[in-house]
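1. model this:
(chains A, B, C and D)
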Number of protein chains: 4
Amino acid sequence: MKIGIVGASGYAGGELIRLLARHPKVEIAAIGSRSYLGKPLSEAFPSLAATDLPLTFVAPEEMDGCDLVFLAVPHGVASGMAGALVEAGQKVIDIGADFRIKDLNIYKHWYKVDHKAEELLTEAVYGLPELYRDKIKDARVVGNPGCYPTSVILALAPLLKTGFAAENTIVIDSLSGVSGAGRAEKPLYHFPHCAENLVAYGVGTHRHVPEIEQELSLLAGTEVKVTFTPHLVPVIRGILTTITVGLKKDCETEELIEVYRNFYKGEYFVRILGPERIPETKDVLGSNFCEITARVDKRLGRAVIVSAIDNLGKGAASQAVQNMNIMAGWDEKLGIEQLPIYP
Amino acid sequence: MKIGIVGASGYAGGELIRLLARHPKVEIAAIGSRSYLGKPLSEAFPSLAATDLPLTFVAPEEMDGCDLVFLAVPHGVASGMAGALVEAGQKVIDIGADFRIKDLNIYKHWYKVDHKAEELLTEAVYGLPELYRDKIKDARVVGNPGCYPTSVILALAPLLKTGFAAENTIVIDSLSGVSGAGRAEKPLYHFPHCAENLVAYGVGTHRHVPEIEQELSLLAGTEVKVTFTPHLVPVIRGILTTITVGLKKDCETEELIEVYRNFYKGEYFVRILGPERIPETKDVLGSNFCEITARVDKRLGRAVIVSAIDNLGKGAASQAVQNMNIMAGWDEKLGIEQLPIYP
Amino acid sequence: MKIGIVGASGYAGGELIRLLARHPKVEIAAIGSRSYLGKPLSEAFPSLAATDLPLTFVAPEEMDGCDLVFLAVPHGVASGMAGALVEAGQKVIDIGADFRIKDLNIYKHWYKVDHKAEELLTEAVYGLPELYRDKIKDARVVGNPGCYPTSVILALAPLLKTGFAAENTIVIDSLSGVSGAGRAEKPLYHFPHCAENLVAYGVGTHRHVPEIEQELSLLAGTEVKVTFTPHLVPVIRGILTTITVGLKKDCETEELIEVYRNFYKGEYFVRILGPERIPETKDVLGSNFCEITARVDKRLGRAVIVSAIDNLGKGAASQAVQNMNIMAGWDEKLGIEQLPIYP
Amino acid sequence: MKIGIVGASGYAGGELIRLLARHPKVEIAAIGSRSYLGKPLSEAFPSLAATDLPLTFVAPEEMDGCDLVFLAVPHGVASGMAGALVEAGQKVIDIGADFRIKDLNIYKHWYKVDHKAEELLTEAVYGLPELYRDKIKDARVVGNPGCYPTSVILALAPLLKTGFAAENTIVIDSLSGVSGAGRAEKPLYHFPHCAENLVAYGVGTHRHVPEIEQELSLLAGTEVKVTFTPHLVPVIRGILTTITVGLKKDCETEELIEVYRNFYKGEYFVRILGPERIPETKDVLGSNFCEITARVDKRLGRAVIVSAIDNLGKGAASQAVQNMNIMAGWDEKLGIEQLPIYP
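-> Residues are numbered from 1 along each chain as shown, chains lettered A, B, ... in the order given. Below is the predicted model:
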């Protein structure tokens, strides 16, 4: 299968190349980047010099001959490219936000741009394999979930599906590594400022809110609204999400964990930790795994859920590969079985 | 004024020495440490070699001649030392937890030790100057607040005092630098494990919960219970606390910030940030400042409050010096006016 | 091929398991660790839970049935175990120092212990594939090079072999990530001390000196002595080595780089960078690559050589796997083709 | 004394403000910055909001009424401003490079710009107090030393002055924190790239070479050339310099250290460490101290010298304040007695 990557010079693009270059069933046929146009792959990523592929960046439009194209471009740009690709019979996995939000008005309200492929929105599938595997299989366009939403939705799905969660009590605090903000330099990400610093940002205004609420509402079967506060912390990769939620049913920690184990039975990439251990981002670094645990706070009738992913792995590139594997009918784990790097 | 410090070889002890060595009105007369007994100060803290003080660690009991003694020792130990000190006419500021909790049963339940100075508990004052300045002035024993509680109580006091906060909806997520865990080596704090790692811990069980609840309840005039989840993140110093709370009154962000500005009017060390900026720990590093801001989430009728302190500064040593200044009748800022170090 | 790993709960052991668990031709048959005896692999390495192998730590001696055993144990211990293994027909790759130094007196002088397998010293092969591939092929015992020596010897071999280097002028300064110091907690590696700190250590006394000098002398055909100063810097992984050396022949940077390119022609894991780029450890992180470049300082008639490796990769575990592949007659790259993780 | 700071929005400028705002004898009268023109100080440095000074950035030229002006601007710019200031009777301390190099040709060769105040070059004094205190006292223009040169010259002065050092054997490897590269964002300083990365740069071409060689030659009384390789490591502040040098005289480590102790007798800010301890940057963080030690490598007849400073402290701002104190006839330690912050 011939693969194209548009926006291949960013962090998610680089991670895709790292994974696909060692994937047994695909060939990277084209890497597109306007800023690195005509330059060799190794100029954007010296670390990828050993791909041994004669890869040179081409214009984003030159994806002819690719069977499947990953889009890792800003919102608003992807929607402008997807139509032509689909028309040409190419499958599309959008790492960005353009095919995640189903409600056009909500999309426009939060993203402040027009959507250029409204007709594709309906058929586009939200690419969270553990929830939508069957639909992904036949999709022409997949909206790969955001990094924060992945860590949140996987962590809340069992509670919402089983009626444990009081839907209007959800509070989400997430910590993210700096690679989540992309490769563009800004004062906030300048090492001397960023190191040894803890920052909350986008309080009440982060664009992942509507994505989270859409999926949680679908899971709950009723409208769910959440408070979501992201934090920037000085690690390169990793998202740790802590969710506090009121419980509708009285239960013990062990029971709640059992609910999670049942829900994710057979899922290779989601691992439920028992009462003895809480997820740490280091344990999933560089991998497609998501680790989750739950604790019941009997004093308050609440649960605290903690989940950990690699924002560039399960939060972006390796999840996109997982979707690709599903769309191609291959073993879901192909090319993304890497064990986390430790320490 | 002659000062003694017990437990002077730990991080809080070292920060106290750093500050007091340059304080214009005091003399460090004795530094106590069992593990460094008989050794020079510079062995525990090479960075303090320039204090030019002939300081050698003595036994914790040898605090004779000191007018005021700081206790930076484990809980259970401080309560065993305070009685004799007070009897000898020496004032006591306990950096630890032994004189913070008023209810003996709650203390025993959370700290799993007996209290050896119950008679002093009643008169001991909770050393948060912005709330208890008048009582601190005349106190013989001050229980210096915990690092997390300082960041939480200062952040919630205005809301609880003014009846804005729905008391039973408080969710607190705090991030702390590793120095908050002290100087003892453990696998979790080993650099290769700790760097590039994000960890939640003590979910529902952290010992700062009863301290937080005691003070919030006093502020609210009714019992307040909270969900508090601390996180360990790879910075050396700094606590960032994010609090989500339901609002009883409809209001805008600007109004809420005004509530904070009024509440802390005239307070030098608490700074309220407006709608344009959110606290970052780096802006208070090495100082006694606490920065706070608030945002209203109209969609959910909730407020998100963010506060930042240096856990070894306002969260421990410099707040203890602030208390000492108040007890001595001096300008509260003496010796702790240092500006944060940046970058 | 059945593999055993002794000392499997340390960092090098963990990295070996991470690599071998995905190696297409081997099976990890036994993992030995006295401190984790009887415990599951995931207790020492939660990140390796997904190996899906029913691995439980056994006693270091229980390596029966293994065709090849990796020893990742302290010096002095490996020499005590190797004899029995070899006698039982098992091949041995010692990640430690016991089979690197050929001269017994030098070994004893620097390592302060007796050697318990002197008879194996003669036949043991120094496991630097780029220099000793042919001998490694038939070896029963391989002494896997130290992390610092790997970065130094690969960087100097071309100069010494071709007579460019003035042998008595070599000055080596190396920077190492903290994982190089192993998993044992010490004050120097405690996060609050180690982060934001730069340290030189072992000045003139580091045990890698004799190993470096032995190999450089063999390359030069004359005795070579070096000044080697290691530094501890706050990264988890990575060694950057800077070598300054007088030149016997007048030449330009481009010529010198050509000498390197010729010397390492056909070597997959050693990459020579041209005049436009200097190695960065991040470009080899998590991989078996070594990147090297050279610059001529015409003003002083000296060359400055810079090399970068991952201390747990080419500096330990992946190089050991490279040696294993050679001993087994397989493609040298098997199981260690991972591209560096970036960012 | 009224103080002006030009280029006050950079890191060195901010550190100057941090120190001078608490200096007992000076008033910051003007802060100049073209990029922050008309904005309050706290916009460039939120951490300095508590200076309580009504400071607003003015144009760099508006330094009227200042008795002494610090220039923290790029090379080539300072030389264009100094003339007018001196003519107006204002003293000048240039934090940049324009008044360090005495030989105009060397300046032009390395800095690639013209010098606009050649007539001031002769009288300008190199502001290293420990070497030029007497000249600084009466200077109108002081060229504040570079950060690397400070760490190198202080470390080599005793050896060169006493004839111990073989002048043509000096090899210098320095590690620097990222704040040394200033506040401008570049890919190399982007957190995800910079963290967990070790980099050598400017091999043989760094502009601090001529400054180092000028001063070492003056100390030695003969021309000295050096190999100097700077390294970028992921800490915010701190320079650790390791120097290897041949010894002309046979001696022991203890003797050599004694040479250093004698040379720096009475110097408050230079501390010589004995055989039991090697400098760590953390022990001087945020301070004006320089720590140095020496080791003799008898095997090779060489010495290894290690020094540590804070690049923004003794390497820039606090050393500039030290110079100001000397020029004003005050106690040299005024306003810069801060103890290093630990941990």
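2. would you map the helices across chain A?
-> For chain A, the helices defined by DSSP state H occupy A:11-20, A:41-44, A:78-87, A:104-111, A:118-121, A:129-137, A:147-161, A:191-194, A:208-220, A:253-263, A:317-328.
3. ok, which of the ones you listed comes nearest chain C?
-> helix A:11-20 (4.9 Å; CB to the nearest CB). For glycine as for every other residue, the C-beta is placed from the backbone atoms N, C-alpha and C.
4. send the alpha carbons of the closest one over as CSV?
-> Below are the C-alpha coordinates for helix A:11-20, written out as CSV (Å, rounded to 0.1, in the frame of the first residue of the first chain):
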residue,chain,number,x,y,z
TYR,A,11,6.1,16.4,14.9
ALA,A,12,3.1,14.2,14.1
GLY,A,13,4.4,13.8,10.5
GLY,A,14,7.8,12.8,11.7
GLU,A,15,6.3,10.2,14.1
LEU,A,16,4.2,8.8,11.2
ILE,A,17,7.4,8.4,9.1
ARG,A,18,9.3,6.8,12.0
LEU,A,19,6.5,4.2,12.3
LEU,A,20,5.6,3.7,8.7
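5. is it positioned near chain D?
-> Yes - under the criterion of CB under 8 Å from any CB of the partner chain, chain D is reached by helix A:11-20 at A:Tyr11.
6. stretch A:305-324 and chain B in contact?
-> Yes - under the criterion of CB under 8 Å from any CB, chain B is reached by stretch A:305-324 at A:Val306, A:Ala308.
7. if we can go back for a sec, nearest to B:Leu339, of the helices of chain A?
-> Taking CB to CB, helix A:191-194 is the member of the helices of chain A nearest to B:Leu339, at 16.6 Å.
8. is that closest one anywhere near chain C?
-> No - Helix A:191-194 does not reach chain C (CB under 8 Å from any CB); its nearest approach is 11.0 Å.
9. how about the helices of chain A in TSV, adding mean pLDDT and mean neighbour count?
-> Shown next, in TSV, are the helices of chain A (pLDDT from 0 to 100; neighbours: other CB atoms under 10 Å in any protein chain shown):
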stretch	mean pLDDT	mean neighbour count
helix A:11-20	98	26
helix A:41-44	96	19
helix A:78-87	97	20
helix A:104-111	96	15
helix A:118-121	95	16
helix A:129-137	98	18
helix A:147-161	98	26
helix A:191-194	98	27
helix A:208-220	98	22
helix A:253-263	98	17
helix A:317-328	98	25
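10. so for B:Ser42, which of these sits nearest?
-> Closest of those to B:Ser42 is helix A:191-194, at 28.9 Å (criterion: CB to CB).
11. quick revisit: reformat the helices of chain A as TSV; add distance to C:Ala165.
-> Shown next, in TSV, are the helices of chain A (distance: least, CB to CB, whole Å):
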stretch	distance to C:Ala165
helix A:11-20	36
helix A:41-44	29
helix A:78-87	54
helix A:104-111	60
helix A:118-121	63
helix A:129-137	56
helix A:147-161	49
helix A:191-194	36
helix A:208-220	56
helix A:253-263	61
helix A:317-328	44
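12. right, so of those helices, which gets closest to C:Val77?
-> Using CB to CB, the nearest of the helices of chain A to C:Val77 is helix A:11-20, at 37.3 Å.
13. pretty sure A:Leu121 sits against A:Phe99.
-> Yes - assessed by CB atoms under 8 Å, A:Leu121 is found in contact with A:Phe99 at 6.7 Å.
14. near chain D, which residues of the stretch 51-200 of chain A are found?
-> Counting by CB under 8 Å from any CB, the stretch 51-200 of chain A sits next to chain D at A:177-179, A:183, A:185-187, A:189-192, A:194-196.
15. from those, which are also near chain B?
-> Checking those against chain B (CB under 8 Å from any CB), the matches are A:Gly177, A:Pro192, A:Ala195, A:Glu196.
16. neighbour-wise, which one of these leads?
-> When these are compared by neighbour count (other CB atoms under 10 Å in any protein chain shown), A:Gly177 ends up highest, at 28 neighbours.
17. how many neighbours does the closest residue in space to that one that isn't next to it in sequence have?
-> Excluding the flanking residues, the one nearest A:Gly177 by CB to CB, 6 or more residues apart in numbering or on different chains is A:Val235, at 4.2 Å. Residues lying near A:Val235 (other CB under 10 Å) number 28.
18. my read: A:Val235 touches B:Val199, true?
-> No - the criterion here is CB under 8 Å, and A:Val235 misses it with B:Val199 at 10.9 Å.
19. overlap of the contact sets of those two?
-> Counting by CB atoms under 8 Å, 6 or more residues apart in numbering or on different chains, the shared contacts of A:Val235 and B:Val199 are A:Thr281, B:Val233.
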